[in-house]
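Enquirer: Give me a 3D structure for the following:
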Amino acid sequence: MIGCASGPASVSEDELYSLGKAYYDLGKYSEAEVWFQRSSVYKKTRNASLYYLGRIAFQQQKYEDAANIFESLLQNDKDNIILLKAAAFSNLKAQKLEKAEGFYSKIIALVPDSKDSIYGYALVLYGIQKYQDSYQILKNAKADSGDDRDALLLLARIEFKLGYPEALDHFSKWLEKGDDPLVLKEFAETAEQQSLYSRAIESYKKIKQSNRSEEAGLQKGEIDFLIGRLILFADPSDNQGMKSIEAALSEGYFNTEKFDALLADPRINEKQRQTLIDLFSQKK
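Expert: Prediction:
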């Protein structure tokens, strides 16, 4: 039975480490940390103790601390794949993307078929806006097969950034097994990018019907504004576009930046522009 986190001075380094490991396995990270700190003083148990201290820091969402620990261990074991993966993922979670890129690059060089690292590397490259590099990694890994849904979604997002038409098919393929509102919004944005306004409107309507606009990062009334503007682009003769925008304003939606962008959009005609100016001015 595990006792309290204070013990006799005669406890050996192996026993200190074993106590830390036992607490760690039970998910009692604070207690485990105490014992691993003590066992890390000894040469025999130092590296293993520090590794678990890094894992504890990660579990506690102290990602930068975790990364620092794993990086320190790598100084004496530079090609250790477990440590490289831990350092890469910790830096990714800490948003230290340039450092994460370096670690993932080394992992891929050492273990080219490491699926989790391929995805992590592509994600980091996406985060630092190296879209073409990220795209090529995912294409080489056959992310478009759909076997790995996370990789498929990342591929679609990269293709959207690159303006590749395949993005729409890949978002659609992902949505066959899920209806995440954020992905529906991304699908709509991709459809609009390709001037497929009816498909974009349909996707926004699915979000509205599910009452999950907030999960898509949309403000109250914004979904009506987005639908309305697309109707204006698709069919200037359809008065439902203006009605949707009026509904958005009535719900309290107000975004000067997006209003100005719509007024400056070449896809609306002068009559629509003047009507919008009148609508927006009433809400200022």
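Enquirer: Just give me the neighbour total for residue 164.
Expert: When neighbours are defined as other CB atoms under 10 Å, residue 164 has 17 of them. Quick note: C-beta positions are derived from backbone N, CA and C, even for glycine.
Enquirer: next one: residue 225
Expert: When neighbours are counted by other CB under 10 Å, residue 225 registers 25.
Enquirer: Could I get the contacting residues of it?
Expert: By CB atoms under 8 Å, 6 or more residues apart in numbering, the residues touching residue 225 are 244-245, 248-249, 253, 255, 258.
Enquirer: give me that answer again for 10 Å
Expert: By CB atoms under 10 Å, 6 or more residues apart in numbering, the contact set of residue 225 is 204, 218-219, 244-249, 251, 253-255, 258-259, 262.
Enquirer: how close does the nearest residue to residue 267 once chain neighbours are set aside sit to residue 151?
Expert: Distances taken as CB to CB, 6 or more residues apart in numbering put residue 233 closest to residue 267, at 4.4 Å, once the chain neighbours are dropped. Using CB to CB, to the nearest Å, we find residue 233 at a distance of 33 Å from residue 151.
Enquirer: Kindly report the same for residue 70.
Expert: Taking CB to CB, one finds residue 70 at 24 Å from residue 151.
Enquirer: Ok, residue 279 next?
Expert: Residue 279 is 43 Å from residue 151, where distance means CB to CB.
Enquirer: ditto for residue 81
Expert: According to CB to CB, residue 81 stands 20 Å off from residue 151.
Enquirer: Please apply the same query to residue 47.
Expert: Residue 47 is 33 Å from residue 151, where distance means CB to CB.
Enquirer: Neighbour count: the two, which is higher?
Expert: Between residue 47 and residue 151, counting by other CB under 10 Å, residue 151 is the more crowded of the two (22 against 15).
Enquirer: what residues are up against the more buried one?
Expert: 115, 118-119, 122-123, 137-138, 141-145.
Enquirer: I'd like the mean pLDDT over stretch 244-264, please.
Expert: Here stretch 244-264 scores 96 as its mean pLDDT.
Enquirer: any idea of the mean pLDDT for the helix or strand containing residue 83?
Expert: Of the helices and strands defined by DSSP states H and E, residue 83 is found in helix 81-93. For helix 81-93, mean pLDDT rounds to 97.
Enquirer: Any stretches of the stretch 151-284 of the chain with poor pLDDT?
Expert: Residues of the stretch 151-284 of the chain meeting the criterion pLDDT under 70: 284.
Enquirer: And the helices in it?
Expert: Assigned by DSSP state H, counting those that start in this stretch, the helices in the stretch 151-284 of the chain fall at 166-175, 181-193, 197-209, 222-234, 240-250, 256-264, 270-283.
Enquirer: what's the second one packed up against?
Expert: The one in question is helix 181-193. helix 149-162, helix 166-175, helix 197-209, helix 222-234 (3 or more CB pairs under 10 Å, 6 or more residues apart in numbering; DSSP states H and E).
Enquirer: Kindly confirm whether my reading is correct that residue 46 touches residue 38.
Expert: No - with contact defined as CB atoms under 10 Å, residue 46 does not count as touching residue 38 (11.2 Å).
Enquirer: which residues are in contact with both of the two?
Expert: Taking CB under 10 Å, 6+ apart as the criterion, residue 46 and residue 38 both touch 13, 17.
Enquirer: neighbour count winner among these two?
Expert: residue 38 (20 against 15).
Enquirer: Once you drop chain neighbours, what's closest to the more buried one?
Expert: residue 16 (4.8 Å).
Enquirer: re the thing from before, drop anything exposed from the contacts of residue 225.
Expert: 204, 218, 244-249, 253-254, 259, 262 (16 or more other CB atoms under 10 Å).
Enquirer: Pick out the most distant pair among the residues you listed.
Expert: Across those, no pair lies farther apart than 204 and 254, at 18.9 Å, counting by CB to CB.
Enquirer: Please identify the helix or strand for the residue sitting nearest the centre point of the chain.
Expert: With distances taken as CA atoms, centre = their mean, residue 123 lies nearest the centre of the chain, 8.2 Å away. Residue 123 is part of helix 115-127, with elements assigned from DSSP H and E.
Enquirer: average pLDDT across that helix?
Expert: For helix 115-127, mean pLDDT is 95.
Enquirer: who does whichever helix or strand comes after that helix touch, helix- and strand-wise?
Expert: Counting by DSSP H and E, the next helix or strand C-terminal to helix 115-127 is helix 131-140. Helix 131-140 sits against helix 97-110, helix 115-127, helix 149-162, with contacts defined as 3+ CB pairs under 10 Å, 6+ apart.
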